[in-house]
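Trainee: My questions concern the predicted model and sequence given below.
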Amino acid sequence: MKSFFPIARLGLAAVLSLSTVAQAAPKVILISLDGATKPVVDSYFSSGVLDQNVGLGVLRSHGTAARRNITVVPSLTAPSHIAIATGSIASQNDINANSFHLVNSNFTTNISGFGAPIGGYTLGNPPAPATTPTAEPLWVQLRKHGKTVATATWPGGDGVDVKEPSSGVIVQPAIPTRTVDYTVPFGSFGGIGAKGYDLVGGFATAPQTTVDQLTAAGKASFSPIQQTIAPLDTFSVSGGPTYVIQVAALDTSNDSTVNYDTLVFFDTANGIQPGPFSLPATGPAYVKLNTSDQFYLEGSPNKAGLAFYVTLLNADLSQVRVAHSSANNIPRNPTVLATVDDVNNNVGFWAPQPDFRIPERISPGFTTFPDAELEVIYQDQVRTFVQYQTQVGLRAIAQNPNADLVMIYIEQPDGSGHQFTLTDPRQATSISDPNSIGTGQDPVKVARYQNYVQTAYQIANSAVQQVINAVGTDDTGTPNSNILVVSDHGMAPFHTAVNMNQLLINAGLDTTKVRAVTSGPAANVYISLQGRELNGTEDTTSYANLQQQIVDALKGYLDTNATYTDGNKAIFSDIIFAKRPLPEGFGTSRLIGQDAGDVFAILKPGYNFDGTQVPVVIRQGDPVVTTPVLSVPNFYGAHGYNSALPLMSAIFYAAGPNIIQGPDLTQVTNIDIAPTILKLLQVPPAATVQGKVLDILK
């Protein structure tokens, strides 16, 4: 398969070393393809979108697969990945959403599920690390038994000290729960967001300094070199130096006509350096139409970088549209700094992730960009970011060829699924036009979006194949490592955005006492309880009354617009609560853990708490109100619905020297992955593991 990441940015030596890993291979490699949906994968194999001799197809033909993989409740990224890693459901491992409230915090504070304490914490004032965690990642037990583990951007493997957000008290230290032998944290925002620029007549003859620097760099132009009259932008990142970005234009085609085809982005402080460059440095960015190039921010404290894109380039420079991604970096957590530097220096700085803020025009400067140009940027990010994550995973393997376990996380096809799952006639193909549904949909856009999702699956599948290539295969084609590929959840289309807090307000609830924290279609609704939250206000009698009012409000809310309801007007599929009135008890249940809401609710497919537009767009046939509960969303795919639904089914494929080659398993669950890996490595599971060993081992 074609490599989509610029080799010049990796360094040829780095690429060769990654693609020729020593004959020693890790015993087990676990890969997660975020959002890969089992029915979709099956359909792509049947139709030929996915090659049966590549990636998942190789694992299926030389090992085994599952017809269905049921993930945890809710079917969200953070809970599902922690469930995979711990072998325990969300209510036990205490990661119940992508964002939620620690009940021991001030009532208005939230924490990310990707950076919350795995297995809970000890409640108190102040809170403290758990003396007996209710769950632990499998790498804790493995390392206790002398095994070597590497995590490449796997959620929870980040080397961070988890702090309670109100007090800043550490409630889970980085070691041993969040740090392994080679730990690469997932990247973070570097301090400046994406931005678009529509330049009209903004170029003039370049100064001699620019011409001389380009000549020294070996760059020729067959028309006089031009440069932006004023800097493209001026910004700083995370307390680092100020960057003043200029753009030069080159005509590299020797055709006797003025035909500018290459833009050069550079910082005036550094100028256009000739190179060669040692990663993470990249020098100036050289970009042609509909392509990108990366740009390291020299001197940035966190080793951040971004990418520049060119989406319109008139040959005479009369109009040019360019953009840059947000700046990103790998968090420089002290316990994993050596690994972070190894990746920065051998793979490069954290590459730009697929950014929904660009095609949704949330980031500034993109108003005048046509949809097609914004989609070009997003697709470029899909290709380059998956390849970057793959190279990070391959670097982990190369640095740990004798590892017992390597865990690799790949962001696609989730991002593309969110952005482009336009498969329901009730979805508005123009997010600003509620009438672009049904026969009013744009069939060209529907087809284009379908192609984008297919491409994301192909790129993710290529990442699996690159890992197989890295570890090698035996003479039968079976991988030399035991490779297990899973996803965290599926993906489904949605047509309606839901404003949860407005729903509560309309029901007469006081949002200073009751607050919803939503992740996709899942909501934790919290009550400010005295003796629990640090600033709780409600006594036990008020608490019980409020909990019942919340349940009644959610059960009683109906969508009466027949265009969207399929004849069933209730919008919630699940409303779950436990009796938790006593601060010392915090009553929990099978689905309500320590930090779940006092009411937990999941929407039905078709509805999602994310995606409300500003200004709001009223659905076709709905009454016009200032703040509706239901509205037209600005993207198309969601997960987090009831895990039993077919479109929430994750994938499971496995092949290797210790894995049987046989018929598909009927059904597995994501909490079965951890105990199966522990069995492969002959390490007993922690007492908190709830999953079972899959019947796939020789």
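Mentor: Done, it's in. Residues are numbered from 1 along each chain as shown.

Trainee: ok now do residue 314, which residues does it touch?
Mentor: Residue 314 sits next to 260, 320 when contact means Cβ atoms under 8 Å, 6 or more residues apart in numbering. Just so you know, the C-beta spots here come from the backbone N, C-alpha and C atoms, and that holds for glycine as well.

Trainee: any idea how far it lies from residue 221?
Mentor: Distance of residue 314 to residue 221, given as Cβ to Cβ, to the nearest Å: 16 Å.

Trainee: Then residue 349?
Mentor: Counting by Cβ to Cβ - residue 349 and residue 221 are separated by 29 Å.

Trainee: between those two, which one's more packed in?
Mentor: Using other Cβ atoms under 10 Å as the criterion, residue 349 and residue 221 rank with residue 349 on top: 30 against 21.

Trainee: Could you report the pLDDT at the more buried one?
Mentor: pLDDT recorded at residue 349 is 97.

Trainee: do the same with residue 123
Mentor: We have a pLDDT of 89 for residue 123.

Trainee: what does residue 17 give?
Mentor: For residue 17, pLDDT reads 37.

Trainee: List the residues that contact residue 440.
Mentor: 429, 433.

Trainee: Any figure for the gap between it and residue 141?
Mentor: 56 Å.

Trainee: Also residue 473?
Mentor: Relative to residue 141, and taking Cβ to Cβ, residue 473 is found at 30 Å.

Trainee: More neighbours: which of these two?
Mentor: residue 141 (20 against 17).

Trainee: what helix or strand is residue 496 on?
Mentor: strand 492-498 (DSSP states H and E).

Trainee: by contact count, what packs against that strand?
Mentor: When contacts are defined as 3 or more Cβ pairs under 8 Å, 6 or more residues apart in numbering; DSSP states H and E, strand 492-498 packs onto strand 606-608, strand 630-631, strand 637-638.

Trainee: could you dump those strands to JSON lines with mean pLDDT and mean neighbour count?
Mentor: Formatted as JSON lines, the helices and strands packed on strand 492-498 follow (pLDDT from 0 to 100; neighbours: other Cβ atoms under 10 Å):
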{"stretch": "strand 606-608", "mean pLDDT": "98", "mean neighbour count": "24"}
{"stretch": "strand 630-631", "mean pLDDT": "98", "mean neighbour count": "24"}
{"stretch": "strand 637-638", "mean pLDDT": "98", "mean neighbour count": "28"}
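
Trainee: a markdown table please, covering the ones you listed and showing distance to residue 201.
Mentor: Listed next are the helices and strands packed on strand 492-498 as a markdown table, based on distance: least, Cβ to Cβ, whole Å:
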| stretch | distance to residue 201 |
| --- | --- |
| strand 606-608 | 43 |
| strand 630-631 | 40 |
| strand 637-638 | 40 |
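
Trainee: closest one to residue 212 among these?
Mentor: Ranking the helices and strands packed on strand 492-498 by proximity to residue 212 (Cβ to Cβ) places strand 637-638 first, at 50.3 Å.

Trainee: The closest one: what's the following helix or strand?
Mentor: Assigned by DSSP H and E, the successor of strand 637-638 is strand 652-655.

Trainee: what sits up against the next helix or strand after that following strand?
Mentor: Using DSSP H and E, the helix or strand that follows strand 652-655 in sequence is strand 668-669. Strand 668-669 has contacts (Cβ under 8 Å, 6+ apart) with 66, 68-71, 652, 691, 694.

Trainee: Restricted to helices, list the residues you listed.
Mentor: Using DSSP state H, no member of the contacts of strand 668-669 falls in helices.

Trainee: Which of these sits closest to residue 191?
Mentor: Closest approach between the contacts of strand 668-669 and residue 191, by Cβ to Cβ: residue 71, at 33.9 Å.

Trainee: residues in contact with that closest one?
Mentor: Contacts of residue 71 by Cβ under 8 Å, 6+ apart are 80, 83, 488-490, 643, 648-650, 669-670.

Trainee: Now the phi/psi pair for it, please.
Mentor: Note on residue 71: backbone dihedrals following degrees, to the nearest 10 are phi -90, psi -170.

Trainee: so what pLDDT did it get?
Mentor: We have a pLDDT of 96 for residue 71.

Trainee: cool, residue 585 as well?
Mentor: What the model reports as pLDDT for residue 585 is 40.

Trainee: going forward, begin numbering at 42 instead of 1
Mentor: All right, first residue 42 from here; so that's residue 626.

Trainee: can you pull the contacts of the residue most central in space within the chain?
Mentor: Per Cα atoms, centre = their mean, the C-alpha nearest to the average position across the chain is that of residue 452, at 4.9 Å. By Cβ under 8 Å, 6+ apart, the residues touching residue 452 are 75, 394-395, 426-427, 430.

Trainee: and the gap between it and residue 146?
Mentor: Between residue 452 and residue 146 the computed distance is 29 Å (Cβ to Cβ).

Trainee: just residue 612 next, same as before
Mentor: From residue 612 to residue 146 the distance is 29 Å (Cβ to Cβ).

Trainee: go on, residue 667?
Mentor: Residue 667 is 32 Å from residue 146, by Cβ to Cβ.

Trainee: who has more neighbours, those two?
Mentor: residue 146 (21 against 6).

Trainee: helix or strand right after the helix or strand encompassing residue 458?
Mentor: Assigned by DSSP H and E, residue 458 belongs to helix 455-461. With elements assigned by DSSP H and E, the helix or strand that comes after helix 455-461 is helix 484-512.

Trainee: Partner strands of whichever helix or strand comes after that following helix and their direction?
Mentor: Next along the chain after helix 484-512, taking DSSP H and E as the criterion, comes strand 523-527. When pairs are called by DSSP bridges, strand 523-527 turns out to pair with strand 69-74 (parallel), strand 693-696 (antiparallel).
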